[in-house]
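Engineer: Structure, please.
(one chain, ligands or ions: 1)
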Amino acid sequence: MLEKIKSEASAAIEVAADLKALDDIRVKYLGKKGEITAVLRGMGALSAEERPIVGALANTVREEIEALITGKNEALAAKAMEEKMASEKIDVTISSKRAVQGKLHPLSQVLSEIKDIFIGMGFSIADGPDVELDYYNFEALNIPKNHPARDTQDTFYINDNVVLRTQTSPVQVRVMEKQKPPIRVIAPGRVYRSDAVDATHSPLFHQIEGLVVDKGITMGDLKGTLETFVKALYGEDAKVRFRPHHFPFTEPSAEVDVSCFVCGGEGCRVCKGEGWIEILGAGMVHPKVLSGCGIDPEEYSGFAFGLGLERVAMRRYDIDDLRLFFENDLKFLKQF
Ligand code: DAH
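Structural biologist: Okay, here's the model as predicted:
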């Protein structure tokens, strides 16, 4: 009888799948109403000779079953721990997914460099609207009604009086109307011209306007300022050259070249053999423009300049196609 209980119990313990099943087995055999307990209880019916023998045997079987249960218990606990470890395993050798770090557009990079240079010279930043009155874009800048720049071939007209500004020069007028000299500002921004897109033309591009008005400002101040700027941007060896030109809102006017920073003036592919690269227009603010803004040209004088941002960035990074700035191709943009 006891032998049968023992073999049944050990078989059940052997196949117990979890701790709950194991506990059920313990109750079934060793519990208060369990089978071993029942045998011990039934010993009253035995003879005095049989009793100690059966009692000893029952105790042995109980101890053996207990030992088996303890052993199985440990085995199950170890197996559960192993499974938990496996399911929570972290492979520290898998490479992480890095967040992609964005960066500034090359035009923004060059612009902030240019801003830094002028801020260092005491300039502040001015701003004007992209959708501009004809008055500010042309009239107040002494650009007459029949001037070719006013042609619808070149200018986007919203209506007879409103255009998309073709230059940042109208900001000069807006600043002078609001602020009395001394004035020292640069005004970066978008400008628009109805040009067909190609490697050197875009209907949208950027200019940086500069304006200085004070008592006794001369062409020497213009030259000194631009020279300082060009050396800061392209290096100490850079030189500037002024060529006479005509702009309606400056008198005298000049186009300004910088010595080629690739060949240093010898002539190369970048400067097309010239040794010089044109980077901006400039001049002394026309007295008519000053007086139109309520500034007395007898008392004050000033200089102004207009710089093409794309042009500077193209030269800086040796980019040969303007369209690359606007296509937002990440393969291109990531290089800067
Ligand atoms: N606004 C001119 C242009 O778009 C550039 C320019 C020339 C600006 C001379 C100036 C200047 O302020 O003095 O071609």
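Engineer: Buried residues in the helix or strand bottoming out on mean pLDDT in the chain, which are they?
Structural biologist: Within the chain, no helix or strand scores below helix 35-41, which has a mean of 80 by mean pLDDT, DSSP states H and E. The neighbour-count check on helix 35-41 (16 or more other Cβ atoms under 10 Å) flags 35-36, 39 as buried. Where C-beta positions appear, they are placed from N, C-alpha and C, glycine not excepted.
Engineer: Which strands and helices lie in contact with it?
Structural biologist: Under the contact criterion of 3 or more Cβ pairs under 8 Å, 6 or more residues apart in numbering; DSSP states H and E, helix 35-41 touches helix 2-15, helix 19-30, helix 50-87.
Engineer: what does the second one contact?
Structural biologist: Residues lying outside helix 19-30 but in contact with it, judged by Cβ atoms under 8 Å, 6 or more residues apart in numbering, are 5, 9, 12-13, 16, 34-37, 62, 65-66, 69, 72-73, 76-77, 80.
Engineer: Output those of the buried residues of helix 35-41 also counted as contacts of the ligand.
Structural biologist: Among the buried residues of helix 35-41, proximity to the ligand is found for none (Cβ under 6 Å from any ligand atom).
Engineer: pLDDT at the residue of the stretch 51-200 of the chain found nearest the ligand, what is it?
Structural biologist: The nearest approach of the stretch 51-200 of the chain to the ligand comes at residue 167, 3.6 Å away (Cβ to the nearest ligand atom). Residue 167 is assigned 97 on the pLDDT scale.
Engineer: List the contacts of the nearest residue to it once chain neighbours are set aside.
Structural biologist: Using Cβ to Cβ, 6 or more residues apart in numbering and skipping the chain neighbours, the partner closest in space to residue 167 is residue 191 (5.5 Å). For residue 191, the contact set (Cβ under 8 Å, 6+ apart) comprises 164-168, 204-207.
Engineer: Could you list the buried residues of stretch 62-75?
Structural biologist: 62, 65, 68-69, 72-73.
Engineer: for stretch 104-114, same thing?
Structural biologist: Those would be 106-107, 110-111, 114, for stretch 104-114 by 16+ other Cβ under 10 Å.
Engineer: so how far is that stretch off the chain centroid?
Structural biologist: 13 Å (Cα atoms, centre = their mean, to the nearest Å).
Engineer: what's the answer for stretch 276-284, then?
Structural biologist: Distance, stretch centre to chain centre, for stretch 276-284: 33 Å (Cα atoms, centre = their mean).
Engineer: Next: stretch 93-106.
Structural biologist: Mean-position distance between stretch 93-106 and its chain equals 10 Å (Cα atoms, centre = their mean).
Engineer: which residues touch it?
Structural biologist: With contact meaning Cβ under 8 Å, 6+ apart, stretch 93-106 is reached by 112, 313, 317, 319, 325, 333-334, 336.
Engineer: what's the span of that stretch from first residue to last?
Structural biologist: The first residue of stretch 93-106 is 36 Å away from its last residue (Cα to Cα, to the nearest Å).
Engineer: Show me which residues of it are buried.
Structural biologist: Neighbour counts over stretch 93-106 (16+ other Cβ under 10 Å) mark residue 106 as buried.
Engineer: coming back round to it: for the buried residues of stretch 104-114, which one is nearest residue 87?
Structural biologist: residue 106 (49.2 Å; Cβ to Cβ).
Engineer: Who are the contact partners of the residue in the stretch 151-300 of the chain positioned nearest to the ligand?
Structural biologist: Per Cβ to the nearest ligand atom, residue 281 is where the stretch 151-300 of the chain lies closest to the ligand, at 2.7 Å. Neighbour list for residue 281: 245, 247, 253-256, 305-306 [criterion: Cβ under 8 Å, 6+ apart].
Engineer: near the ligand too, which of those?
Structural biologist: Okay, of the contacts of residue 281 touching the ligand (Cβ under 6 Å from any ligand atom), that's 247, 305-306.
Engineer: in the stretch 101-250 of the chain, which spans are strands?
Structural biologist: Secondary structure of the stretch 101-250 of the chain by DSSP state E, counting those that start in this stretch: the strands cover 124-125, 131-133, 157-159, 162-164, 183-192, 204-214, 240-247, 250-259.
Engineer: Up against the ligand, what does the stretch 51-200 of the chain have?
Structural biologist: Residues of the stretch 51-200 of the chain lying near the ligand (Cβ under 6 Å from any ligand atom): 167, 169.
Engineer: Quick check: end-to-end length of stretch 289-300?
Structural biologist: For stretch 289-300, the first-to-last residue distance is 12 Å (Cα to Cα).
Engineer: Is any residue of that stretch near the ligand?
Structural biologist: No. In terms of Cβ under 6 Å from any ligand atom, no part of stretch 289-300 sits within range of the ligand; the closest distance is 9.7 Å.
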